[in-house]
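[1] Predicted coordinates and the sequence they were generated for:
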Amino acid sequence: MVVGLQGAGKSTWVAAHLAGTHAVVSKDHWPRARRREARQQRVVAMLLAAGRSVVVDNTNASAEERAPLVAAARAAGVPVRAVWLDTPPEVSLARNEAREGAARVPPVGVFATRARFVPPSVAEGFDRVDVVRPGPPRTL
Ligand SMILES: Nc1ncnc2c1ncn2[C@@H]1O[C@H](COP(=O)(O)OP(=O)(O)OP(=O)(O)O)[C@@H](O)[C@H]1O
Ligand SMILES: [Mg+2]
């Protein structure tokens, strides 16, 4: 799963690194559905049972949100990895502001996620936690 604030660059990272190999699951794929959490769990379990590699692309901001996904991987007998897009909040906010249409979320949403955010840790059951930080600004 990827972990990070809105605008951190999770979906961009997934598209660049995992799109060819993994089924991408996100609650954003069905914004109007009820019980999106349960639906996501069902879809993930189904894909894993079918032998697919899966990446869950949500903010996944707290251990409570991540726990059912870690459990789903364990139940399927597959390794589970967190990729934390540790983009500074001000950069996430700026990237979000630059987005168009429905992709742009209200800034209060980014602040709310930051307020409850807990970095992923191997203590949660991840086999691996990777951290991706924006590189230094390039000079010409
Ligand atoms: N490494 C990067 N450098 C500069 N801009 C980036 C980078 N990664 C993503 N962006 C841009 O930042 C914006 C947000 O990226 P993206 O949609 O991947 O974020 P997200 O974490 O998936 O957000 P959300 O949680 O709202 O889905 C996009 O306009 C994207 O093009
Ligand atoms: Mg996204």
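    Arrived safely. Ligands and ions are numbered 1, 2, ... in the order given.
[2] mind listing the strands for the chain?
    2-3, 23-25, 54-56, 81-85, 128-132 (DSSP state E).
[3] okay, and for this protein, where does confidence drop off?
    140 (pLDDT under 70).
[4] interface residues of it facing ligand 1?
    Contacts of the chain with ligand 1, taken as C-beta under 6 Å from any ligand atom, map to 4, 6-12, 59, 95, 98-99, 105, 134. The C-beta positions use only the backbone N, C-alpha and C, and glycine is treated the same way.
[5] Point out the most buried one among the strands of the chain.
    Mean neighbour count (mean count of other C-beta atoms under 10 Å) peaks for strand 2-3 among these, with a mean of 28.
[6] name the helices or strands packed onto it?
    helix 10-17, strand 81-85 (3 or more C-beta pairs under 8 Å, 6 or more residues apart in numbering; DSSP states H and E).
[7] The same query, at a cut-off of 10 Å, please.
    Under the contact criterion of 3 or more C-beta pairs under 10 Å, 6 or more residues apart in numbering; DSSP states H and E, strand 2-3 touches helix 10-17, strand 54-56, strand 81-85, strand 128-132.
[8] Can I get the longest one in CSV, CA atoms only?
    Right, helix 10-17. The C-alpha atoms that make up helix 10-17 are tabulated as CSV, following Å, rounded to 0.1, in the frame of the first residue of the first chain:
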residue,chain,number,x,y,z
LYS,A,10,0.9,8.4,-4.3
SER,A,11,-1.1,7.8,-7.4
THR,A,12,1.7,9.2,-9.6
TRP,A,13,4.2,6.9,-7.8
VAL,A,14,2.0,3.9,-8.3
ALA,A,15,1.5,4.7,-12.0
ALA,A,16,5.3,5.0,-12.4
HIS,A,17,6.3,1.9,-10.4
